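1. Pasting the sequence and the predicted model now:
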Amino acid sequence: MSVDGLVHHPDGCARCWWAGLDPLYVAYHDTEWGVPERDGRALYEKLILDGFQAGLSWITILRRREGFRRAFAEFDPERIARFTEADVARLMADTGIVRNRAKIVGTIAGARAWLRIEESGPGFSRFLWDFLEDDRPIQSGAEHRGAIQTETEVSRAIAKALKAEGFSFCGPTIVHAFMQAVGMVNDHLVGCHRHAPCAALGRAA
């Protein structure tokens with residue numbers, strides 16, 4: 001790894017340091033992370049998974065993502081909102097996910113909050129993207145690892161709004177990680193081969 005926070009891979013591409021050499025992580029970095037996402041259900045799923053990541057590494061969650069999808073009804077908020085205490089007990093026994101009762105209960109509460117936002121306003125996607133100026137992703141332009149922030153004024157504002165709606169495990173740091181993942185912020189390092197494509201997607205959004 002070079003001092004600028006880039007990993008130079010055998011395929012000739014330079015990638016952000018955190019992707020390492022794990023094929024699953026590299027594929028996630030190359031195809032998902034930083035790509036603007038505007039589907040409300042997909043945004044809900046990613047926010048929930050980022051909440052489950054708290055205290056863990058993202059690769060831990062990534063390796064269990066299919067297990068999470070199976071356990072949480074493909075992250076369909078309408079179905080999750082109807083989960084009962086029996087479902088909580090079922091999930092606490094599911095070795096395919098991270099078994100944390102507070103996060104499981106928070107996922108159900110988040111589904112109900114998602115439905116309220118969908119029913120009472122422009123929808124969850126608009127709820128989030130309206131925090132950005134001109135509806136455009138933030139281009140951080142970070143050239144090295146140390147230039148990437150862990151939270152911002154925007155992530156603090158979104159975290160506060162989400163908590164007010166009934167979401168949990170969505171502090172400013174988690175929200176900023178979520179924003180990076182769903183392309184609300186392009187935090188690919190400038191030297192990363194995904195920086196320019198994600199910037200172009202942001203301009204076209």
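-> Right, received. Where do you want to start? Residues are numbered from 1 along each chain as shown.
2. quick one: low-confidence ranges for this protein?
-> For the chain, the stretches with pLDDT under 70 are 1-3, 205.
3. longest helix of this structure?
-> Ranked by residue count and defined by DSSP state H, the top helix of the chain is helix 101-120.
4. buried ones in it?
-> Buried residues in helix 101-120, counted by 16 or more other Cβ atoms under 10 Å: 103-104, 106-115, 117-118. C-betas here are computed from N, CA, C, even on glycine.
5. Then stretch 56-73?
-> Judged by neighbour count using 16+ other Cβ under 10 Å, the buried positions of stretch 56-73 are W58, I59, I61, L62, R64, F68, R69, A71, F72.
6. again with stretch 29-43
-> Neighbour-count burial for stretch 29-43, with 16+ other Cβ under 10 Å as criterion, is recorded at H29, D30, W33, G34, V35, P36, E37, R38, G40, R41, L43.
7. Next, give phi and psi for the residue most central in space within the chain.
-> The residue lying closest to the centre of the chain (Cα atoms, centre = their mean) is F178, at 3.2 Å. Per-residue torsions, F178: phi -60, psi -50 (degrees, to the nearest 10).
8. Spell out the residue ranges of the helices in this protein.
-> Using DSSP H, helices in the chain cover 23-31, 40-53, 58-62, 65-71, 77-80, 85-92, 101-120, 124-129, 153-165, 172-181, 195-204.
9. Quick one: distance of the fourth one to the chain centre.
-> What that stands for is helix 65-71. In terms of Cα atoms, centre = their mean, to the nearest Å, the centre of helix 65-71 is found 15 Å from the chain centre.
10. again, but for the first one
-> Relative to its parent chain, helix 23-31 has a centroid offset of 14 Å by Cα atoms, centre = their mean.
11. ok, and what's touching that helix?
-> Contact with helix 23-31 is made by H9, R15, C16, W18, A19, G20, I59, L62, R63, R194, as judged by Cβ atoms under 8 Å, 6 or more residues apart in numbering.
12. What count of nearby residues applies to the fifth one?
-> Neighbour count of A19, defined by other Cβ atoms under 10 Å: 22.
13. Quick check: it touching G5?
-> No - counting by Cβ atoms under 8 Å, A19 does not reach G5; the two are 10.9 Å apart.
14. From L6, how far off is H193?
-> 9 Å (Cβ to Cβ, to the nearest Å).
15. just to revisit the earlier point, looking at the buried residues of stretch 29-43, which is nearest D50?
-> Using Cβ to Cβ, L43 comes nearest to D50 of the buried residues of stretch 29-43, at 10.6 Å.
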